[in-house]
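Novice: Test case, fold it:
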Amino acid sequence: MAIIFNYVAELQGLYGPFTMAERVVQKIWLREDFARDRATLTDGRALQIRSVGAWNLLGGPDFYGARLVIAGQEITGDIEVHFHQADWRAHQHAADPAYARVVLHVVLFPPSAGEVPAQHAEGRVLPTLVLLPLLHRDLEEYASDDALEIITARDQWERFAELAAEPIEQRRAIIHGYAQRRWQQKVHFAQRRLAQLGWMEAAHQTALEILGYQKNRAAFLAVATHYPLARWVAGIEPAEIFASRDLAWRRQGIRPANHPLTRLRQYQRWVTHQPEWPERLGCLLNNRVALGEGVSPSRARQLLGLKLQRTHLVSELLGGAVGGSRLDNLVCDGFLPLLAAREGGDDLFNLWFYWYLGDFPDGLRRALPKLGLTGPRGQSLCHGCAQGLLGWILQHEAYASH
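Specialist: Predicted structure coming up:
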């Protein structure tokens, strides 16, 4: 019987508060969804992670039997994860024998200046790793991933009851507003990535991240860092990358089509077909037709030429290497936000909003027509509507937590 104490924090996002459960921080550690190669303890010592340990869903430390190397010394023990360093004392773990084998305290936020580090009962200082500076994405995106997983795990129509009670036009306006916020958040993160990496590498990193899906996102980001676009253009063997011991691949529960090696080979074919593919993006995704009030999704797609643009992307940019719903996620989670970040303005918002849905949980797909946000039988499922509904869920749960 799981008895997780899933503490929740309210955080400030780009457009307002959102909630994040402590389990999200645990999942970040579990999936190593952070820059492991830059992991340094608060006392300045280098940290290498050989194994994150086994996730404990019962009482006691969050992870059992982790294997670490701290300043060259191999250590085996348990891991405790918190939002703040002070949570160790607040939860009185030092007095609990179950936590005596904890060798690393993983916290999301940096401790305040002069704050006393966590200690065991005998006064032994607990090494502490701060995750926030190592994260690949904004906290709100990690919270969004968790919300999608919850929707996947249990389709609870009751969570949408308040929204469903609104008149249909008001409902659509609400979702459109939240979609605009989600769009701005994605563009904001793309701007940060562009500033850090430049156009070519930002596009390269974004593409590999999305090809990694949720379970292997961190590993694919590590691939993008260690193997820049120029290495792929020069010629690289995906099997050698996959064989690397430095990459934490996750294969359990993954369909053969989504196997990491399969996706790496897809990207190899993509780059071989179009080595300078980031420079071609702006030419292939450039329809900025103004849409009038009340236009239907199907009519919007006709005016924007979505079908033709999608066909050109597959044939001219990707060489047929990637298609289906993963292509739609590449466009909406990667290509369009990057282009908007580079060019400025919201000219690409309509293209993003009315683009094809992509990979979303079945629970979210079923909710859209029930809420009157698509046509009959799920026709014209729009990516923007799904993103708007996800934004509403995050905001609604933030207020519900009060």
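
Novice: so who does residue 268 touch?
Specialist: The neighbourhood of residue 268, defined by CB atoms under 8 Å, 6 or more residues apart in numbering, consists of 232, 236, 238. For the C-beta atoms, the positions are set from N, CA and C on the backbone; glycine is no exception.

Novice: Was I right to think the second one contacts residue 227?
Specialist: Yes - proximity of residue 236 to residue 227 meets the contact threshold set by CB atoms under 8 Å, at 6.2 Å.

Novice: possible to save the contacts of residue 268 as TSV with neighbour count?
Specialist: As requested, the contacts of residue 268 are exported to TSV (neighbours: other CB atoms under 10 Å):
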residue	neighbour count
232	22
236	17
238	20
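
Novice: neighbours around residue 136, how many?
Specialist: 19 (other CB atoms under 10 Å).

Novice: Let me see the backbone angles for it.
Specialist: Note on residue 136: its backbone torsions stand at phi -80, psi -20 [degrees, to the nearest 10].

Novice: For the nearest residue to residue 197 once chain neighbours are set aside, the count of nearby residues, please.
Specialist: Sequence neighbours aside, residue 205 is the residue nearest to residue 197 in space, at 6.3 Å (criterion: CB to CB, 6 or more residues apart in numbering). Using other CB under 10 Å, residue 205 is surrounded by 22 other residues.

Novice: ok, now residue 261?
Specialist: Residue 261 is flanked by 14 other residues according to other CB under 10 Å.

Novice: Settle this for me: it is touching residue 243, isn't it.
Specialist: No - using CB under 8 Å, residue 261 makes no contact with residue 243, being 9.3 Å away.

Novice: Cross the contacts of residue 268 against helices and list the overlap.
Specialist: Under the assignment DSSP state H, these contribute 232, 238 to helices.

Novice: who's in contact with residue 133?
Specialist: 38, 110.

Novice: tell me the secondary structure for it?
Specialist: With DSSP: H, G, I helix; E, B strand; the rest coil as the basis, the three-state label of residue 133 is helix.

Novice: Report the separation between it and residue 391.
Specialist: 26 Å (CB to CB, to the nearest Å).

Novice: Equivalent analysis for residue 22, please.
Specialist: 22 Å.

Novice: pLDDT of the longest strand along the chain, averaged?
Specialist: What stands out as the longest strand in the chain, according to DSSP state E, is strand 73-82. Strand 73-82 shows a mean pLDDT of 95.

Novice: buried ones in the next helix or strand after it?
Specialist: Once the chain leaves strand 73-82, the next helix or strand it forms, by DSSP states H and E, is helix 87-90. Buried positions in helix 87-90, judged by neighbour count with 16 or more other CB atoms under 10 Å: 87, 88.

Novice: So the residue of the chain positioned farthest from its centre: helix, strand or coil?
Specialist: Distance from the C-alpha centroid of the chain, by CA atoms, centre = their mean, peaks at residue 122 (39.6 Å). Under three-state DSSP, residue 122 falls in the coil class.

Novice: Could I get the pLDDT score of it?
Specialist: The predicted local confidence for residue 122 is 88.

Novice: can you point me to the longest helix in the protein?
Specialist: helix 168-197.

Novice: Any idea how far whatever helix or strand comes next after it is from the middle of the chain?
Specialist: Using DSSP H and E, the helix or strand that follows helix 168-197 in sequence is helix 199-211. Relative to the centre of its chain, helix 199-211 is centred 14 Å away, using CA atoms, centre = their mean, to the nearest Å.

Novice: Now do helix 199-211: everything it contacts.
Specialist: Helix 199-211 is contacted by residues 136, 190, 193-194, 196-197, 217, 220-221, 223-225, 228-229, 232, 263-264, 266-267, 270, 277-279, 281, 322, 326, 329-330, 333-335, 338, 342 when judged by CB under 8 Å, 6+ apart.

Novice: And the buried ones among these, selectable in ChimeraX?
Specialist: Remark: buried members of the contacts of helix 199-211, expressed as a ChimeraX selection using 16+ other CB under 10 Å:
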select :136,190,193,194,197,217,220,221,223,224,225,229,232,263,264,266,267,270,277,278,281,322,326,329,330,333,334,335,338,342
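
Novice: and the contacts of helix 199-211, which of them are in helices?
Specialist: Going by DSSP H, the helices hold 190, 193-194, 196-197, 217, 220-221, 223-225, 229, 232, 263-264, 266-267, 270, 277-279, 281, 326, 329, 338, 342 from those.

Novice: Below-threshold pLDDT in the chain: ranges please.
Specialist: Within the chain, the stretches with pLDDT under 70 are 1-19, 148-159, 245, 287-288, 375-379, 397-402.

Novice: List the contacts of stretch 215-235.
Specialist: Here stretch 215-235 has contacts from 31-34, 36-37, 136, 200-201, 203-205, 208-209, 211-212, 236, 241, 246-250, 253-254, 260, 263-264, 267-268, 271, 275, 278, using CB under 8 Å, 6+ apart.

Novice: Could you identify the buried members of those residues?
Specialist: 31-34, 36, 136, 201, 203-205, 208-209, 211-212, 236, 241, 247-250, 254, 260, 263-264, 267-268, 271, 278.

Novice: if I look at residue 285, how far off is residue 207?
Specialist: According to CB to CB, residue 285 stands 14 Å off from residue 207.

Novice: and residue 103, that one's in a strand?
Specialist: Yes - residue state for residue 103 (three-state DSSP) corresponds to a strand.

Novice: The closest residue to it other than its chain neighbours: neighbour count?
Specialist: Spatial nearest neighbour of residue 103, excluding adjacent residues (CB to CB, 6+ apart): residue 77 at 3.2 Å. By the criterion of other CB under 10 Å, residue 77 has 17 neighbours.

Novice: quick one: contacts for residue 77?
Specialist: Residue 77 is in contact with 65, 66, 68, 101, 102, 103, 104, counting by CB under 8 Å, 6+ apart.

Novice: what is it paired to in the beta sheet?
Specialist: residue 66 (DSSP bridges).

Novice: Look up how far residue 67 lies from it.
Specialist: Separation of residue 77 from residue 67 (CB to CB) stands at 9 Å.

Novice: Overlap in contacts, these two.
Specialist: Counting by CB under 8 Å, 6+ apart, nothing touches both residue 77 and residue 67.

Novice: Can you get me a residue count around the nearest residue to residue 380 once chain neighbours are set aside?
Specialist: Using CB to CB, 6+ apart and skipping residues adjacent in sequence, the residue nearest residue 380 is residue 297, 3.6 Å away. Using other CB under 10 Å, residue 297 has 19 other residues around it.

Novice: No further questions, thank you.
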